[in-house]
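[1] sequence first, then the predicted structure, then my questions.
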Amino acid sequence: MTLPNPAASAKTWFARLAPYRKSEDWRAVYELLITLIPFLMLWAAMWGMLSIGQYWALLGVIPAGGLIVRLFIVQHDCGHGSMFSSKKANDWVGRFIGILTLTPYDHWRRGHALHHASSGNLDRRGQGDDIITLTVDEYNALSKWGKFKYRAYRHPIVMFGVGPAYVFILAQRLPIGSMKRKMPWVSTLSTNAGVIILYGLLIWGVGLKAFLLIQVPIIIIGASIGVWMFYVQHQFDETHWSRTGEWDRESAALHGSSYYDLPKPLMWITGNIGVHHVHHLSSRIPFYQLPRILKAHPELKTVGRLTLWESFKCVRLALWCETRQKMVSFRMRKMAAA
């Protein structure tokens with residue numbers, strides 16, 4: 001059956017995509033193993049190469065960081081209840097991987113659910129794990145100090161370097177923003193305990209120097225790649241934001257999330273999460289089903305498409321212009337206000 005033009009009817013897609021909202025346990029186990037085993041093997045190979053020289057060992061940092069991202073996508077799908085057919089399997093696999101990704105699974109899952117429930121809604125910004133985004137008018141109303149802080153926050157060195165390292169290594173060690181509730185504490189502290197045990201065993205087995213030379217760069221690279229992916233999925237030129245009265249979930253999902261058209265190796269290492277508009281339309285679709293959807297419905301490839309080269313241009317975008325209904329740079333904000 002030919003589906004209607006997605007630009008004309010976002011709401012039809014949720015129902016039409018129902019056949020793909022099916023978890024396949026054998027495929028879930030397979031995807032987990034082909035990610036976890038290579039990661040462990042690469043980690044061991046990097047340790048072995050330290051005897052030749054630390055620079056040789058560091059050659060594996062970027063692919064290992066990529067595999068950490070793919071493990072995070074497995075955890076991400078567990079949080080959506082889409083990886084396995086069993087809720088118990090999803091939760092326990094998600095918690096285990098959370099130790100590897102330094103992410104308290106249960107606490108993160110709640111925040112990420114809020115992101116899906118409010119993405120693209122200007123009146124509900126700040127809920128979940130969103131990147132802070134101001135409108136042109138809001139930025140212009142800030143004091144000089146406020147503008148400096150926002151510019152610093154949006155600077156690429158902070159956004160994709162210092163920020164990701166801070167979030168994954170430090171900020172997620174405490175349930176910041178949810179300290180009055182029990183679950184975030186249990187989730188965070190149990191994850192921290194798992195990290196301490198795992199890292200303690202690694203340091204005991206390979207030594208502190210080897211651990212620091214291998215694990216710390218892997219986490220930093222993985223965190224930076226992960227934040228980059230999250231950024232380009234929503235911070236692109238023609239994204240969609242609206243106020244509560246005009247906002248609806250399906251339109252915000254389809255038009256407020258990009259289709260990051262990456263080369264196949266990069267699509268694999270990032271767990272197909274670049275097909276983000278489809279993911280937001282129906283988060284219960286497992287990541288291993290997303291390529292099938294694009295193959296069956298190629299019209300979805302034209303919605304919010306962003307190539308690798310085009311994605312680099314998104315770095316300059318920092319403000320939402322309500323007048324022009326698009327993301328603009330700091331330099332473009334004066335033109336937007338004119």
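    Received the coordinates, thanks. Numbering: from 1, shown residues only.
[2] where's Trp13, which helix or strand?
    Here Trp13 sits within helix 11-16, counting by DSSP states H and E.
[3] I figured Lys326 hits Glu238, correct?
    Yes: counting by C-beta atoms under 8 Å, Glu238 is a contact partner of Lys326 at 6.0 Å. No exception for glycine: its C-beta is placed from N, CA and C like everyone else's.
[4] tell me which of these two has more neighbours.
    For Lys326 versus Glu238, neighbours defined as other C-beta atoms under 10 Å are more numerous around Lys326 (18 against 14).
[5] quick check: the more buried one vs Asn90, distance?
    Applying C-beta to C-beta, to the nearest Å, the value for Lys326 to Asn90 is 37 Å.
[6] what does Thr302 give?
    For Thr302, the distance to Asn90 - C-beta to C-beta - is 32 Å.
[7] these two: which has the busier surroundings?
    Remark: of Thr302 and Asn90, Asn90 carries more neighbours, 24 against 11, as counted by other C-beta under 10 Å.
[8] surely that one touches Met83?
    Yes: taking contacts as C-beta under 8 Å, Asn90 lies within contact range of Met83: 5.5 Å.
[9] so the residue sitting nearest the centre point of the chain is in which element?
    Centroid-nearest residue in the chain, with C-alpha atoms, centre = their mean: Phe230, separated by 4.1 Å. Secondary-structure assignment from DSSP H and E places Phe230 in helix 208-234.
[10] quick one: mean pLDDT for the next helix or strand after that helix?
    Later in the chain than helix 208-234, the nearest helix or strand by DSSP H and E is helix 249-256. Mean per-residue pLDDT for helix 249-256: 88.
[11] contact partners of helix 249-256?
    Residues from elsewhere that reach helix 249-256, judged by C-beta atoms under 8 Å, 6 or more residues apart in numbering: 6-7, 10-11, 13-14, 117, 119-121, 234, 238-242, 277, 280-281, 303-304.
[12] quick one, it and helix 208-234 angle?
    On the basis of axes from the mean of the first three to the mean of the last three C-alpha atoms, to 10 degrees, helix 249-256 is oriented at 110 degrees to helix 208-234.
[13] which helices and strands sit right next to the helix or strand that helix 249-256 is followed by?
    The helix or strand immediately downstream of helix 249-256 is strand 259-261, counting by DSSP H and E. On a contact count with 3 or more C-beta pairs under 8 Å, 6 or more residues apart in numbering; DSSP states H and E, strand 259-261 meets helix 208-234, helix 276-281, strand 305-307.
[14] out of these, nearest to Ala165?
    Across the helices and strands packed on strand 259-261, Ala165 has its closest neighbour in helix 208-234 (5.0 Å, C-beta to C-beta).
[15] packing partners of that closest one?
    Applying 3+ C-beta pairs under 8 Å, 6+ apart, we find helix 208-234 packed against helix 25-49, helix 54-57, helix 61-79, helix 163-165, helix 182-206, strand 259-261.
[16] and the closest residue to His116 other than its chain neighbours, helix, strand or coil?
    With sequence-adjacent residues excluded and distances taken as C-beta to C-beta, 6 or more residues apart in numbering, His116 is closest to Ser283, at 5.8 Å. For Ser283, the secondary structure call by DSSP: H, G, I helix; E, B strand; the rest coil comes out as coil.
[17] chain center to stretch 268-286, what's the gap?
    Its chain's average C-alpha position is 10 Å from that of stretch 268-286, according to C-alpha atoms, centre = their mean, to the nearest Å.
[18] measure that stretch end to end?
    End-to-end span of stretch 268-286 (C-alpha to C-alpha, to the nearest Å): 14 Å.
[19] go on, stretch 49-62?
    End-to-end for stretch 49-62, by C-alpha to C-alpha: 15 Å.
[20] quick one: contacts of that stretch?
    With contacts defined as C-beta under 8 Å, 6+ apart, stretch 49-62 is touched by Leu42, Trp43, Ala45, Met46, Trp47, Ala210, Leu213, Ile214, Pro217, Ile218, Ile221.
[21] what residues of it count as buried?
    For stretch 49-62, the neighbour count (16 or more other C-beta atoms under 10 Å) marks Met49, Leu50, Ala57, Leu58, Gly60, Val61 as buried.
[22] next, count neighbours for His76.
    25.
[23] same thing with Arg243?
    Arg243: 11 surrounding residues under other C-beta under 10 Å.
[24] do Ser258 as well
    26.
[25] now Met183: how far from Gly222?
    For Met183, the distance to Gly222 equals 26 Å [C-beta to C-beta].
[26] neighbour count for those two, which is higher?
    Shown here are Met183 and Gly222; by other C-beta under 10 Å, Gly222 has more neighbours (26 against 14).
[27] tell me if I'm right that that one and Gly65 touch.
    Yes: assessed by C-beta under 8 Å, Gly222 is found in contact with Gly65 at 4.0 Å.
[28] hang on, the earlier thing: mean neighbour count, the helices and strands packed on helix 208-234: which tops it?
    Of all those, helix 61-79 has the most neighbours on average by mean count of other C-beta atoms under 10 Å, namely a mean of 23.
[29] just the helices and strands packed on strand 259-261: most buried one?
    Among the helices and strands packed on strand 259-261, ranked by average contacts under mean count of other C-beta under 10 Å, first place goes to helix 276-281 (a mean of 24).
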